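J.: A predicted structure for the sequence below; I have some questions about it.
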Amino acid sequence: MARIPLLQMTGISLTFGGDPIFSDLDLVVQPGDRVALVGRNGSGKSTLMKVMAGLVEADTGTLVVPSGRSVGYMEQDPQMTGFTTLGDFAASTLDPGELYKVERAGEGLKFDPDRPVATASGGERRRAALAKLMAEAPDLMLLDEPTNHMDIEAITWLEAELKSTRAAYVLISHDRAFLRALTRATLWVDRGQVRRQEKGFEGFEAWRDKIWEEEDQQRHKLNRLIKSESRWAVEGISARRKRNMGRVRALHELKDQRAGQIKRQGAAELALDAGPKSGRKVIEVEALSKSFGDKQIVSVFSLKVQRSDRVAFVGPNGAGKTTLLKLMLGQVEPDAGSVKLGTNLEIALFDQTRDQLDPNASLWENLTSDPLLGISGKADQVMVRGVPKHVVGYLKEFLFDEAQARAPVRSLSGGEKARLLLARLMARQSNLLVLDEPTNDLDVETLDLLQELLDSYEGTVLLVSHDRDFLDRVATTTIAMEGDGKVTAYAGGWSDYISQRGGLPGGDKGEKTQKIKAQKAQAKDVATESSAKEKLSFKEKHRLEALPAEIERLEQEIAKLQELMADPALFTREPVKFKKATEALVERQEKLAASEEEWMMLEEKSEG
């Protein structure tokens, strides 16, 4: 029996003033789908997701969501007018009895429900929007860059939740590790077309490269044919005129076909100039300590950074990674210890808050009015590593067109703002590159280019990022900030750090929250004390004693099934096994929920 789709789009076309974004698009999302939505910055991924959510109306075509099915969308810039706190917003669509869902999601995503909306950062607002969606539990979740501004601990929690959910979802993300772990199909938005492959993100790049190779071969054949027919048109018209004119018309049709081909967008022309070499010793930190009030940021930390090192800083949001960077650069005074900067340093900074960009000024003005570049006003040229270039020409190297050059920065997407900041950064010579969250919003291709650029960069790199794949590919040393001032250096990238440490700080992955662990530990203690069971029958006492072991067993079985289903190739390689594993996972999750509810009821009864 055929499954009824959760969402079906037919003949969708959409144009925003210029070339069509989509034309005659057909798309189906089935129950159980776990889909990566990928494409270059500006290709229309977020627009497509908004059409799927019903927030943007297509020019033509139909969108159908069957009766009784729900679609939820995580807004990147949620509107919170009328709400006092983030918790009020996140719980706004829930019944009073479901408020615990927001609290649970809040713990996992690490946002404070009591935080006033007026003082909340953009990242906190996004996490509140995600908690709202997770609590609503729609049949289909549309998630647009859910991991942006999240630390790795929260990303790991979200990853586990999405692995175990019964809902279908479509994901936009730059985080390769996140996409590889979660997706089983890929939608690729490319030049107004949306292609689908029944493989997760793991197989995307090989699939993309094969399609591009086939396109190049077809274009080469077409060019050869046009060249041959053009030579005939000039030199070889000698047959009957009727036949000749038919061949001329065919030549025009071939040329029209070539003109109709949509050219692939090139890659951004990223380049770095390390300039003059710094000294061998770049930064030496000795017994560094810093606190703000009762919060200890770093305690007695020492480190030597040598030329060409790639040092990554990891840790939870709020742990003080940016503060430690500023301490090491001499921008913040330590409470104790010392920092010595090496000789001949030329520092270039990528700021995660994008504060270096004026949102109301144009791209042109932002590029030419930076005093660090030695240029002010609205000049036509910008100095790029000592060579003058026309502003529009330089912007085109970063995939901006001439019309965008005069547009305000506030009109750009997150990925475009990141590219503009990279353009400013790379116009300067430097031998110490400080990158504070450079990977947010960048598409996969630009991340690849940035990683290759850093590999060949002759200077030193200090990097803050929550992108595990990017850390693995770039970092030679990882500085872990694990709270209470504890800062430890590990050799290698993220995976090396986890291997050396023996797992993430804060406990094992199988437990949902520390609160639940504490409740279960207490349950075992209470279950052994007969005095706490006087209000229970003999059968209920026995059941209360047995439940903790049963809950633990179910959790272990769920963890094993989740590990099995994490294999993105299982669905296509062994569909029967995948189906059985899915059914078993759902069954055990339902049993676990029932057992936990039964334990709570008996526990409350035993306490009167």
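T.: Yes, it's here. Quick caveat: nothing in here was measured; it's all calculated off a predicted structure.
J.: C-alpha only now, for contacts and for neighbours.
T.: Will do.
J.: Residue 29 pairs with what?
T.: residue 7 (DSSP bridges).
J.: who does residue 429 bridge with?
T.: Residues in beta-bridge contact with residue 429 (DSSP bridges): residue 273.
J.: Surely it is in contact with residue 385?
T.: Yes - between residue 429 and residue 385 there is a contact under C-alpha atoms under 8 Å: 5.4 Å.
J.: Low-confidence bits of the stretch 1-150 of the chain, can you list those?
T.: Residue ranges of the stretch 1-150 of the chain with pLDDT under 70: 1-2, 17-19.
J.: Do I have it right that residue 551 meets residue 596?
T.: Yes - counting by C-alpha under 8 Å, residue 551 touches residue 596, with 7.0 Å between them.
J.: of the two, who's got more company?
T.: Legend: neighbour count by other C-alpha atoms under 10 Å for residue 551 and residue 596, higher for residue 551 (19 against 16).
J.: Helix, strand or coil: sort out that one for me.
T.: Three-state assignment for residue 551 (DSSP: H, G, I helix; E, B strand; the rest coil): helix.
J.: Identify the residue nearest it in space, chain neighbours excluded?
T.: Excluding the flanking residues, the one nearest residue 551 by C-alpha to C-alpha, 6 or more residues apart in numbering is residue 592, at 6.1 Å.
J.: Please give the element, helix or strand, for the one you found.
T.: helix 575-606 (DSSP states H and E).
J.: can you check residue 340 too?
T.: Element membership of residue 340 [criterion: DSSP H and E] is strand 336-341.
J.: what does residue 478 give?
T.: Using DSSP H and E, residue 478 falls in strand 477-481.
J.: Only the buried residues of the strand holding residue 340, if you could.
T.: 337-339, 341 (16 or more other C-alpha atoms under 10 Å).
J.: Go ahead and confirm residue 425 touches residue 348.
T.: Yes - contact status for residue 425 versus residue 348: in contact at 6.3 Å, counting by C-alpha under 8 Å.
J.: Neighbour count for these two, which is higher?
T.: Taking other C-alpha under 10 Å, residue 425 and residue 348 do not tie; residue 425 has more neighbours (23 against 20).
J.: how close does that one get to residue 592?
T.: Residue 425 sits 52 Å away from residue 592, going by C-alpha to C-alpha, to the nearest Å.
J.: before we move on, what about residue 111?
T.: Residue 111 is 26 Å from residue 592, by C-alpha to C-alpha.
J.: now swap in residue 418 and tell me
T.: Distance, residue 418 to residue 592, by C-alpha to C-alpha: 44 Å.
J.: Which one of those two is surrounded by more residues?
T.: residue 418 (22 against 19).
J.: Which secondary structure state is assigned to that one?
T.: Residue 418 ends up helix, using three-state DSSP.
J.: which residues touch it?
T.: By C-alpha atoms under 8 Å, 6 or more residues apart in numbering, the contact list for residue 418 reads 354, 438, 440-442.
J.: which stretches of this protein have low pLDDT?
T.: Checking the chain against pLDDT under 70 turns up 1-2, 17-19, 216, 218-275, 352-355, 370-378, 505-535, 565-572, 607-608.
J.: what does the domain assignment say about the chain?
T.: Domain assignment for the chain by automatic domain parsing gives 1-70+138-219, 80-137, 220-260, 266-346+429-509, 357-424, 514-606.
J.: what about the strand holding residue 478, distance to the chain center?
T.: With C-alpha atoms, centre = their mean, to the nearest Å as the basis, strand 477-481 stands 21 Å off its chain's centre.
J.: what's next to that strand, contact-wise?
T.: 309-316, 319-321, 487-494, 497.
J.: In the stretch 51-200 of the chain, what residue spans correspond to strands?
T.: Assigned by DSSP state E, counting those that start in this stretch, the strands in the stretch 51-200 of the chain fall at 60-64, 71-74, 140-144, 168-172, 185-190, 193-197.
J.: If you could redo that for the stretch 251-400 of the chain, that was the one I meant.
T.: Using DSSP E, counting those that start in this stretch, strands in the stretch 251-400 of the chain cover 281-292, 295-306, 310-314, 336-341, 347-350, 381-384, 387-390.
J.: Go through those strands and name the closest to residue 475.
T.: Evaluated over the strands of the stretch 251-400 of the chain, closeness to residue 475 peaks at strand 310-314, with 5.0 Å, by C-alpha to C-alpha.
J.: helices or strands next to that closest one in the packing?
T.: Using 3 or more C-alpha pairs under 8 Å, 6 or more residues apart in numbering; DSSP states H and E, the elements in contact with strand 310-314 are strand 460-464, strand 477-481.
J.: Who does it pair with, and is each partner parallel or antiparallel?
T.: Short version: by DSSP bridges, strand 310-314 pairs with strand 460-464 (parallel), strand 477-481 (parallel).
J.: Which of those sits closest to residue 51?
T.: With C-alpha to C-alpha as the yardstick, what comes closest out of those is strand 460-464 (34.1 Å).
J.: which residues are contacting that closest one?
T.: 282, 306-314, 321-322, 431-438, 454.
J.: what angle do it and strand 295-306 make?
T.: With axes from the mean of the first three to the mean of the last three C-alpha atoms, to 10 degrees defining the directions, strand 460-464 sits at 160 degrees from strand 295-306.
J.: Strand 460-464: how far from the chain's middle?
T.: Chain-centre distance of strand 460-464: 20 Å, with C-alpha atoms, centre = their mean.
J.: can I get the CA coordinates of that strand in PDB?
T.: Only the C-alpha atoms of strand 460-464 are listed here, as PDB (Å, rounded to 0.1, in the frame of the first residue of the first chain):
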ATOM      1  CA  THR A 460      49.800  31.000  12.300                       C
ATOM      2  CA  VAL A 461      46.100  30.400  12.800                       C
ATOM      3  CA  LEU A 462      44.000  30.700  16.000                       C
ATOM      4  CA  LEU A 463      40.500  29.300  15.500                       C
ATOM      5  CA  VAL A 464      37.300  29.100  17.400                       C
END
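J.: List the buried residues of the very next helix or strand once past that strand.
T.: Under the assignment DSSP H and E, the closest C-terminal helix or strand after strand 460-464 is helix 468-474. Buried residues in helix 468-474, counting neighbours by 16+ other C-alpha under 10 Å, are found at 468, 470-474.
J.: which helices and strands does helix 468-474 pack with?
T.: Packing partners of helix 468-474 (3+ C-alpha pairs under 8 Å, 6+ apart): helix 176-182, helix 444-456, helix 494-501.
J.: Compare the ones you listed and give me the one nearest residue 158.
T.: helix 176-182 (9.4 Å).
J.: and the closest one, how far from the chain's centre?
T.: 10 Å.
J.: Can you spell out which helices and strands pack onto that helix?
T.: helix 152-164, helix 468-474.
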